[in-house]
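Enquirer: I'll drop the sequence and a predicted model, then ask my questions.
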Amino acid sequence: MLRLAHALDGQLRAAMARAFPEAAAQAQAADRPFDPQLAPASKPEFGDFQANGALPLAKPLGQPPRAIATAIAEQLAADPAFLALCLEPQIAGPGFLNLSLRPERLAAEVQARLGDPRLGVPATEDTTPVLLDFSSPNIAKEMHVGHLRSTIIGDALARVLEFRGHPVLRLNHVGDWGTQFGMLITHLKQEAPEALTTADAVDLGDLVAFYRQAKARFDADEAFQATAREEVVKLQGGDPVSLKAWGLLCDQSRREFQAIYDRLDIRLGERGESFYNPYLQAVVDDLRAAGLLVVDDGAGCVFLEGVSGKDGKPLPLIVQKSDGGFNYATTDLAAIRYRFAPPPAGDGAGRVIYVTDAGQASHFAGVFQVARRAGWIPAGARLEHVPFGLVQGDDGKKLKTRSGDTVRLKDLLDEAVERAEADLRRRLKEEERHEDDAFIAHVATTVGLAAVKYADLSTNRITNYQFSFERMLALTGNTAPYLLYAVVRIAGIARKGGDLGGAAGATGAPAGGDLSFSEPQEWALVRELLKFDAVIAEVDEELLPNRLCSYLFELSQVFNRFYDQVPVLRADGPARSSRLALCRLSADTLKLGLGLLGIPTLERM
Ligand code: ARG
């Protein structure tokens, strides 16, 4: 209902200006125009919208707010454009204006959405790229549940922004550079030298174990340590053999990461930390030239404004270590600069978003501040850290396997699918249904992966969340299976002979002419369906996918109430076609909404 809200807002402003011409003109001139404070109604019995703008005017106008609201309401009631949208405004409480849309307007909005693949969501005209930095695991290290969260949240945000029409650059800022490669390459050269001469000679296999071995040797053996340090220098100097070894390690990791991305249907372009290597020195040089760099204890740093340590002194952001090396922050500064720089020297982004755990909040705050002070962020550009909480086990502690190891993502996804399969087989047995293996595999995979994604997306990302297979796979509550089941239910209506719009042809409108609704359950569903566009706009703005989840959950509940209490297939005439139209729009909204969360739906389950 974004379009309607926008129209109403304009009509309210005009009504306020007509009711109090002088004061309105003064307020306008002072750049503080009257604000109708239009918002969705806080309760359904108040109508669709409420406007609270009369209250703050009481003082400047020297009138009781109810009198002000009455004057505005009179102006509205004299505006034919307003009356085409709404019934007579009602005044409530100390001076709220309650606005109810005309039933035929609501029906027309539903009708308009039936033929609209965007379901009323306006496309943005802004063509400046949005850059999303997400997933970003580290080479030769475990891709852990934190990276999984970043991957799932980042992908959902990317899908929503893409759907809004923004060009989105999805970037995987993999940790593929740094001193750890010294020991990894040394270990590789010593343990599997054939890998460097013959293609595919060695399958590096489990890189995490490889990393552990290398680390153990590094910690225990001084000679190894010295070689590893030399190896870092060689790599940074571009030695071809070292680069080859580095490339092999990255390839192996990449294959492992890609297997997870493929399973979850995640598209992501890799641009790792190494990409920014050629730009690091310039970052430090330019910070120096800008007068921001201070050498403290041999290290190059920028002291942060407004951030102090325990001793009350400003905290530094270190950008060059005392040995001359660069770090994570230097790389992120180079990345920010590159991302905002206009092409061809950069990405020309207008908004850059980072999806990482909340533990990195101060890192990003520091990096953002320094980039801003260095003048690398264009006016009007947005730079946002999207933090999320920890994934915990049932015990409230960091998620671990029973033996105390970190959980491997592959195992986690396998288990979700296995449990979904077991649930499904149990249900089929109870219902005495017979399905073939292909059906069972497809449903179990879809439900299992959907459950993992949805559990991650549906909690407010800022809070920690407890990972529980049982909860995420439950058929009731705010879960993926519950939502998928609502879609299946509607598909079932079509199978039972309900025409969900197929026969209506190109316009997509249901057969049977104009829509008409009479039951409160129908109106509740209509109103819920029409909120979709505003929810998408909100996710675009606030980057909180759980808002979309809550909406889809609410919609499923309202749909189920409607379908349980109002006859659809047993109705006839316009009531039947209107109700089928609501079923179809519910299915379309759920499918699109879940699709934007990266969750495909099922026709049967
Ligand atoms: N590789 C980092 C990690 O595993 C995440 C990188 C996030 N992106 C960034 N531009 N710093 O924690």
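Expert: Alright, I've got the coordinates.
Enquirer: which bits of the stretch 101-250 of the chain sit near the ligand?
Expert: Residues of the stretch 101-250 of the chain lying near the ligand by CB under 6 Å from any ligand atom: 133, 136-138, 173, 175. Bear in mind the C-beta positions are built from the backbone N, C-alpha and C, glycine included.
Enquirer: now the stretch 351-500 of the chain
Expert: Selection of the stretch 351-500 of the chain residues close to the ligand by CB under 6 Å from any ligand atom yields 354, 356.
Enquirer: quick one: the strands in the stretch 351-500 of the chain?
Expert: When secondary structure is read from DSSP state E, counting those that start in this stretch, the stretch 351-500 of the chain shows strands at 351-357, 382-388, 391-392, 465-466.
Enquirer: tell me which other helices or strands the helix or strand containing residue 105 touches.
Expert: Residue 105 is part of helix 103-114, with elements assigned from DSSP states H and E. Under the contact criterion of 3 or more CB pairs under 8 Å, 6 or more residues apart in numbering; DSSP states H and E, helix 103-114 touches helix 520-529, helix 573-596.
Enquirer: so which strand or helix has residue 169?
Expert: Secondary structure (DSSP H and E) places residue 169 in strand 168-172.
Enquirer: look up the closest residue to residue 271, ignoring the ones flanking it.
Expert: Counting by CB to CB, 6 or more residues apart in numbering, the nearest residue to residue 271 once its immediate chain neighbours are dropped is residue 171, at 5.1 Å.
Enquirer: on that earlier part again, buried set for the helix or strand just after the helix holding residue 105?
Expert: Sequence-wise, the next helix or strand beyond helix 103-114 is strand 130-133, with elements assigned using DSSP H and E. By 16 or more other CB atoms under 10 Å, the buried positions in strand 130-133 come out as 130-133.
Enquirer: nearest to the ligand among those?
Expert: The ligand lies nearest to residue 133 out of the buried residues of strand 130-133, by CB to the nearest ligand atom, at 4.7 Å.
Enquirer: and the helix holding residue 105 with helix 520-529, angle?
Expert: Our comparison of helix 103-114 with helix 520-529, counting by axes from the mean of the first three to the mean of the last three CA atoms, to 10 degrees, yields an angle of 50 degrees.
Enquirer: show me the contact partners of helix 103-114.
Expert: With CB atoms under 8 Å, 6 or more residues apart in numbering as the contact definition, helix 103-114 has outside contacts at 1, 4, 84-86, 119-120, 501, 508-510, 514-517, 523, 526-527, 529-530, 578, 581-582, 584-585, 588.
Enquirer: let's see that with 7 Å instead.
Expert: Contact with helix 103-114 is made by 1, 85, 119-120, 501, 508-510, 515-517, 526, 529-530, 581, 584-585, as judged by CB atoms under 7 Å, 6 or more residues apart in numbering.
Enquirer: derive a PyMOL selection command for the buried subset of those.
Expert: Buried residues among the contacts of helix 103-114 (16+ other CB under 10 Å), as a PyMOL selection:
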select buried, resi 1+85+119+120+501+508+509+510+515+517+526+529+530+581+584+585
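Enquirer: hmm, back to that, which of the strands of the stretch 351-500 of the chain sits most buried?
Expert: Burial of the strands of the stretch 351-500 of the chain is given as mean neighbour count (mean count of other CB atoms under 10 Å); strand 351-357 ranks first at a mean of 23.
Enquirer: quick check: which ranges of this protein have low pLDDT?
Expert: Applying pLDDT under 70 to the chain flags the ranges 201-205, 502-513.
Enquirer: what's the longest strand in it?
Expert: For the chain, the strand with the greatest residue count under DSSP state E is strand 299-308.
Enquirer: so which elements touch that strand?
Expert: Secondary structure elements in contact with strand 299-308, counted by 3 or more CB pairs under 7 Å, 6 or more residues apart in numbering; DSSP states H and E, are strand 294-296, strand 314-320, helix 361-373.
Enquirer: pull up the pairing partners for that strand, direction included.
Expert: strand 294-296 (antiparallel), strand 314-320 (antiparallel) (DSSP bridges).
Enquirer: residue 65 touches residue 96, doesn't it?
Expert: No: in this structure, residue 65 is not within contact of residue 96 by CB atoms under 7 Å, at 8.7 Å.
Enquirer: give the buried residues for the helix or strand hosting residue 218.
Expert: With elements taken from DSSP H and E, the one containing residue 218 is helix 207-220. With burial defined by 16+ other CB under 10 Å, the residues of helix 207-220 counted as buried are 207, 210-211, 214, 217-218.
Enquirer: stretch 276-296 too?
Expert: By neighbour count on 16+ other CB under 10 Å, the buried set for stretch 276-296 is 276-277, 279-280, 283-284, 286-288, 292-293.
Enquirer: ok, which pair from those residues is furthest apart?
Expert: Checking these against each other with CB to CB, the farthest-apart pair comes out as 277 and 292, at 21.7 Å.
Enquirer: so who does residue 182 touch?
Expert: With CB under 7 Å, 6+ apart as the criterion, the residues that contact residue 182 are 228-229, 231-232.
Enquirer: restricted to helices, list those residues.
Expert: With helices identified by DSSP state H, the entries of these that belong to them are 228-229, 231-232.
Enquirer: list just the nearest of those residues to residue 248.
Expert: Closest to residue 248 out of the ones in helices among the contacts of residue 182 is residue 231 (13.8 Å), distances taken as CB to CB.
Enquirer: on that earlier part again, run through the bridge partners of the residue nearest to residue 271.
Expert: Beta bridges link residue 171 to residue 133, residue 269, judged by DSSP bridges.
Enquirer: burial of the nearest residue to residue 217 once chain neighbours are set aside, as a residue count?
Expert: Distances taken as CB to CB, 6+ apart put residue 224 closest to residue 217, at 4.9 Å, once the chain neighbours are dropped. The criterion is other CB atoms under 10 Å. On that basis, residue 224 has 19 neighbouring residues.
Enquirer: residue 224 and residue 215: what is the separation?
Expert: For residue 224, the distance to residue 215 (CB to CB, to the nearest Å) stands at 11 Å.
Enquirer: sounds good, over and out.
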